[in-house]
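Undergrad: Make a model of this:
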Amino acid sequence: QVQLVESGGGTVQAGGSLRLSCAPSGRTFSRDAMGWFRQAPGKEREFVAAISWNGGATYYAGSVKGRFTISRDNAKNTMYLQMNILKPEDTAVYYCAADPITNSGRYSQTGSWSYWGQGTQVTVSS
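TA: Numbering: from 1, shown residues only. Just a heads-up that it's a prediction; the model follows:
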């Protein structure tokens, strides 16, 4: 069974940092694009960042650009999201996603992704 497992969430004060990890199991995702989404209470799931299969291209939502960095290590079959200068509005459940999608114009759409993790909670206190 293919699974994506997120880790690294927690509670941090505003201005702090966290690093999320996504470790797939069941198959390798080294040829798939991967991404991060988040969902705050009462809101729809929104795009955060995405990375191409070889890490050569990255994409960010405007709200996190300059603060978050997405990366991947295909040798370890793991993707990361380094989150710096966290704000209370970053509080959400963060989900990783994967898909062999190649059209970067579709990365921001939740319906473009076939595989999802269960999510990890990130809480930023003011």
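Undergrad: pLDDT score for the residue nearest the centre of the chain?
TA: The centroid of the chain falls nearest to residue 36 when counting by C-alpha atoms, centre = their mean (2.1 Å). According to the prediction, residue 36 has pLDDT 98.
Undergrad: and the gap between it and residue 69?
TA: 11 Å (C-beta to C-beta, to the nearest Å). For glycine as for every other residue, the C-beta is placed from the backbone atoms N, C-alpha and C.
Undergrad: Can you report how many residues neighbour the spatially closest residue to residue 112 that is not a sequence neighbour?
TA: Nearest residue to residue 112, sequence neighbours excluded (C-beta to C-beta, 6 or more residues apart in numbering): residue 106, at 4.1 Å. Using other C-beta atoms under 10 Å, residue 106 has 14 neighbouring residues.
Undergrad: List phi and psi for residue 106.
TA: phi -100, psi 0 (degrees, to the nearest 10).
Undergrad: May I have the predicted confidence score for it?
TA: pLDDT at residue 106 comes out at 92.
Undergrad: I'd like the distance between it and residue 99.
TA: Distance, residue 106 to residue 99, using C-beta to C-beta: 9 Å.
Undergrad: which residues do those two both contact?
TA: Residues touching both residue 106 and residue 99 (C-beta atoms under 8 Å, 6 or more residues apart in numbering): residue 112.
Undergrad: Run through the bridge partners of the closest residue to residue 113 other than its chain neighbours.
TA: In space, and not counting its chain neighbours, residue 113 is closest to residue 97: 3.8 Å by C-beta to C-beta, 6+ apart. Per DSSP bridges, the residues bridged to residue 97 are residue 35, residue 116.
Undergrad: Now do the contacts for residue 97.
TA: So residue 97 contacts 4, 34, 35, 36, 37, 110, 113, 115, 116, 117 (C-beta under 8 Å, 6+ apart).
Undergrad: Next: residue 49.
TA: Contacts for residue 49 (C-beta under 8 Å, 6+ apart) come out as 35, 36, 58, 59, 60, 61, 64, 68, 70, 81.
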